[in-house]
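Visitor: I'll drop the sequence and a predicted model, then ask my questions.
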Amino acid sequence: LLAEAGFPNGFKTTLETTRSFGSPFNESQEAMLAMWAKIGVKVEPIWYETGRYSETTLQGNYDNLGWTRSEQASNPFALSSMHSKSEFGSNRSHVADPELDKIIEKYRAAFDVNEQMAYTRQIQARAVDQAYVVQQPTQLEYAALHPYVKNFGRMSHQSRSANLFERLWFDK
């Protein structure tokens with residue numbers, strides 16, 4: 001695929017990221033760097049401390065590649081942030097795709113859950129086909145709950161974990 005894209009000998013690039021998320025995030029970054037190297041993509045990581053990372057890469061301000069914990073590839077609300085006119089910092093992959101914009105606008109206007117899911121599938125397919133986001137491996141997480149805990153669902157991004165409890169109730 002690299003040869004077809006005009007890079008028969010691979011290419012070099014930089015990756016702006018941080019180590020401040022700790023394990024297992026750091027290990028998944030190392031694994032991806034090693035996998036890219038095997039196919040000829042030589043990536044020089046630029047490790048930022050938390051403050052600089054938050055002001056740059058996390059906001060979508062990076063030169064070549066930026067790496068962050070993100071739910072863009074799975075969460076419909078986050079997929080919606082790949083709209084070219086999304087608020088500053090939410091379109092971290094710098095997507096400007098008129099076809100994707102149209103699907104996202106239809107998703108945002110839909111009220112029916114089944115219709116929203118159909119648009120979500122289209123958004124995901126387009127995002128994967130165009131490789132706007134490369135989803136990194138993630139660890140499995142488990143939760144043990146009493147049977148009377150209802151509507152519990154895991155958010156795919158740790159910083160949004162408080163949202164879990166906005167919709168949760170006890171049936172007891």
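Guide: In hand now; what should we look at?
Visitor: pLDDT weak spots in the chain?
Guide: 69-80, 87-89, 135-142, 153-166 (pLDDT under 70).
Visitor: for it, which segments are assigned as helices?
Guide: Remark: helices assigned in the chain by DSSP state H are 25-38, 50-55, 76-80, 98-109, 113-130.
Visitor: what packs against the fourth one?
Guide: Applying 3 or more CB pairs under 8 Å, 6 or more residues apart in numbering; DSSP states H and E, one finds that helix 98-109 makes contact with helix 76-80, helix 113-130. Any C-beta I mention is one placed from the backbone N, CA and C, and that applies to glycine too.
Visitor: tell me which residues in the longest one are buried?
Guide: Yep, that's helix 113-130 we're talking about. Within helix 113-130, the residues that count as buried by 16 or more other CB atoms under 10 Å are 116, 119, 120, 122, 123, 124, 126, 127.
Visitor: would you reformat those as CSV and include distance to residue 19?
Guide: Below are the buried residues of helix 113-130 laid out as CSV (distance: CB to CB, whole Å):
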residue, distance to residue 19
116, 37
119, 36
120, 32
122, 36
123, 31
124, 29
126, 32
127, 27
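Visitor: farthest from the middle of this protein: give me that residue.
Guide: residue 172 (36.7 Å; CA atoms, centre = their mean).
Visitor: for it, give its distance to residue 148.
Guide: 4 Å (CB to CB, to the nearest Å).
Visitor: residue 124 versus residue 117, what's the distance?
Guide: Taking CB to CB, one finds residue 117 at 10 Å from residue 124.
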